[in-house]
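# This is a predicted model, with the sequence first.
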Amino acid sequence: MATRAPDRPTAVPRHRSERFSRQLAYRLDVKASPYAYVMPFLLVFCAFGLFPLVYTAWVSLHEWTLLSDVHKFVGLDNFAFLLGDEYFWNATFNTVSIGLVSTVPQLLLAIWLAHLLNRPLRAQTLFRVTLLLPNVTSVVAVVVIFSQLFGRDYGLINWVLSWFGVGAIDWNAGTASSHVAISTMIMWRWTGYNALIFLAAMQAVPRDLYEAATIDGASGFTQLRKITIPMIKPTIVFVVVTSTIGAMQVVAEPLLFGTYSPTGGPDRQYQTLSLFIYENFAKLDFGYASAISWMMFVFIVIAAGVNYLLTRRSGGNLT
Amino acid sequence: MIPRLGPGKARTLTYLTLIAVVFFSALPLYYSVVVASRDNSALADVPPPLWPGGNFVANVEKVFDTVPFALALLNSVLVAGSIAIAVMFFSTLAGFAFAKLRFRGRNALLLITVATMMVPTQLGIIPLYLIMVKLEWTGSMYALIVPALVNAFGVFFMTQFLSRALPTELLEAGRVDGCTTWGLFWHVVLPVARPAAAVLGMLTFMSAWNDYFWPLVVLTPENPTVQVALSTLAAGYVSDYALSLTGTTLGTLPLVIVFALLGKQIIGGIMQGAVKG
């Protein structure tokens, strides 16, 4: 196919001015179109992504409620109060605890499942589709279903545990038990999704590496540790960082598990940071809620950064 | 060669593990159908009911009596549908520009786009609400649709796809034939982008359908989406699990059917988008 413009004398405009304006239109089109095409994205992002972020900082420096039009500037008072607020530290503890209990086993399981799927198997598609089924289910559905399964009196889980002589557990009541219940919901919803992402990365690993390892007599597990994990490390780093960001923002699970109460249980035993923001938002204390948001942002950056460095440095010895 | 599966024992173990995973993935959904087709009092039985009963239709009627579920379905279809169409269109447009057009600041803008995907969405929720109050969009579907018209993931996804799948020669040939940039987009880029845009549309539809926290914040129980209606149903003072799980079954069923039909393509899309080199 010709890539150069053929000479077309008939197409040459008769007047110079006409040719000039055509050229101008062409140059304008080539120069301006790219900006016009990325503009919708940039506009939406600036208006509803970037601006709110900056505006949160501004609101956090005020005594700001929806009830009054006067917003008193209070400097860093909200932050000072925050650091002495035991509810804030309680929410921070819960967020970290639920984050660890849900993410660590989830990612190990996901890598292992991806490893199992990265072979010639029958019914590959069936396995993959069912793996992703929980992720298609909405948070609300997941929590409603699992609240039933974790029910104290008639729940399926306590019924199964009773075969082993375990008494009826009130999952909602304790700190540890409620964290386990909420983490189970998160794990159920996200393990398959992350396994598919790992699988995608694993399929890009050159096959002859495995061949050589098999000839050398390396077992499947050794191959996973010495070949697969080092080779897919960029993906592991990516998934660890996104999971960390996700785990710091958990809100719908504890909210619904506590049947709509923004305190996260009567003793705040599973109130996360996001839920704590929502509680103050619902009280219309926007200044304080914004201050918590910014502290949460700082925590997220720290957690994501630390995990990024940890996973990147850990070499092939992740498991 | 793909890593060898080893002797028969290892193969059996692999299949058993995967079957167990399938079992645990499907069990909660199956059990919610069981509960949804029973009377609430049947849940107190020991052992608990393990097979579907015959009370589903009665429960469905009760769901429609308790919350405005028809309106919720309509709202959700409207919101998720318009978001999906807008995201497909604007992401392809921006993806075309990033992948194939040359302009000053392209790399910097692309970097910003990728960085945007990492920004925690919940941080901006308070000012976002204040904006909606100012625009008088609280309680309306505009509050859900407008901020979601295009997102960084979609732009990134289409950029990745188009830089691989769209031959530059094809664009040059179009230029020679006198196409404007818009003409190129319409006649050359869109046909090539169609399969990836379809996957992006489905992913977007699913996440918009399932979105819960922002709709909860900005909508009222009188004019809800499906997820907001479901949470109203579940938050009743007397916990009627049969009723709430009938609601979740109704709200999840459309997606599960779509997913069962198109799961292979959707998974292909997720796995494609995942490999970022």
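Everything's here; your move.
# which SS class is B:W137?
Following DSSP: H, G, I helix; E, B strand; the rest coil, we place B:W137 in the coil state.
# Can you get me a residue count around the closest residue to it other than its chain neighbours?
Closest residue in space to B:W137, ignoring its immediate chain neighbours: B:A143 at 4.3 Å, by Cβ to Cβ, 6 or more residues apart in numbering or on different chains. Just so you know, the C-beta spots here come from the backbone N, C-alpha and C atoms, and that holds for glycine as well. When counting by other Cβ atoms under 10 Å in any protein chain shown, one arrives at 24 neighbours for B:A143.
# Any stretches of the stretch 101-250 of chain B with poor pLDDT?
The stretch 101-250 of chain B contains residues with pLDDT under 70 at B:237-239.
# mind checking the longest helix of chain B?
When chain B is parsed with DSSP state H, its longest helix is helix B:241-274.
# Give me the number of neighbouring residues for A:S261.
Close neighbours of A:S261, defined as other Cβ under 10 Å, add up to 17.
# show me the contacts for the residue in the stretch 51-200 of chain A that chain B sits nearest to.
The minimum distance from the stretch 51-200 of chain A to chain B, using Cβ to the nearest Cβ, falls at A:P52 (3.0 Å). Contacts for A:P52 (Cβ atoms under 8 Å, 6 or more residues apart in numbering or on different chains) come out as B:L123, B:G124, B:I125, B:I126, B:P127, B:L128, B:I131.
# at 10 Å what do you get?
With contacts defined as Cβ atoms under 10 Å, 6 or more residues apart in numbering or on different chains, A:P52 is in contact with A:59, A:293, B:121, B:123-131, B:147.
# Can you name the two of the residues you listed that sit furthest apart?
Spatial extent of those (Cβ to Cβ) is set by the pair A:V59 and B:P147 at 17.9 Å.
# nearest residue to residue 242 other than its sequence neighbours?
Since you didn't name a chain, this refers to chain A. Nearest residue to A:T242, sequence neighbours excluded (Cβ to Cβ, 6+ apart): B:M118, at 7.6 Å.
# I was thinking of chain B, sorry if that wasn't clear
Leaving aside its sequence neighbours, B:A242 sits nearest to B:N40 (Cβ to Cβ, 6+ apart; 4.2 Å).
# who does the strand or helix carrying B:V22 touch, helix- and strand-wise?
Using DSSP states H and E, B:V22 sits within helix B:8-36. Packing partners of helix B:8-36 (3 or more Cβ pairs under 10 Å, 6 or more residues apart in numbering or on different chains; DSSP states H and E): helix A:86-117, helix A:124-136, helix A:139-149, helix A:156-162, helix A:175-202, helix B:56-66, helix B:241-274.
# centre of the chain versus the first one, how much separation?
In this case it means helix A:86-117. 12 Å (Cα atoms, centre = their mean, to the nearest Å).
# That helix: which residues count as buried?
Using 16 or more other Cβ atoms under 10 Å in any protein chain shown as the test for burial, helix A:86-117 gives A:88, A:90-92, A:94-99, A:101-103, A:106-107, A:109-117.
# show me the contacts for the residue nearest in space to the middle of chain A.
Note on chain A: the residue nearest the mean C-alpha position is A:G246, at 3.0 Å, using Cα atoms, centre = their mean. When contacts are counted by Cβ under 10 Å, 6+ apart, A:G246 touches A:G99, A:S102, A:T103, A:I186, A:W190, A:I300, B:P120.
# What residues does the last one make contact with?
Put plainly, it is B:P120. By Cβ under 10 Å, 6+ apart, the residues touching B:P120 are A:L53, A:I245, A:G246, A:M248, A:Q249, A:S274, A:S293, A:M296, A:F297, A:I300, A:V301, A:A304.
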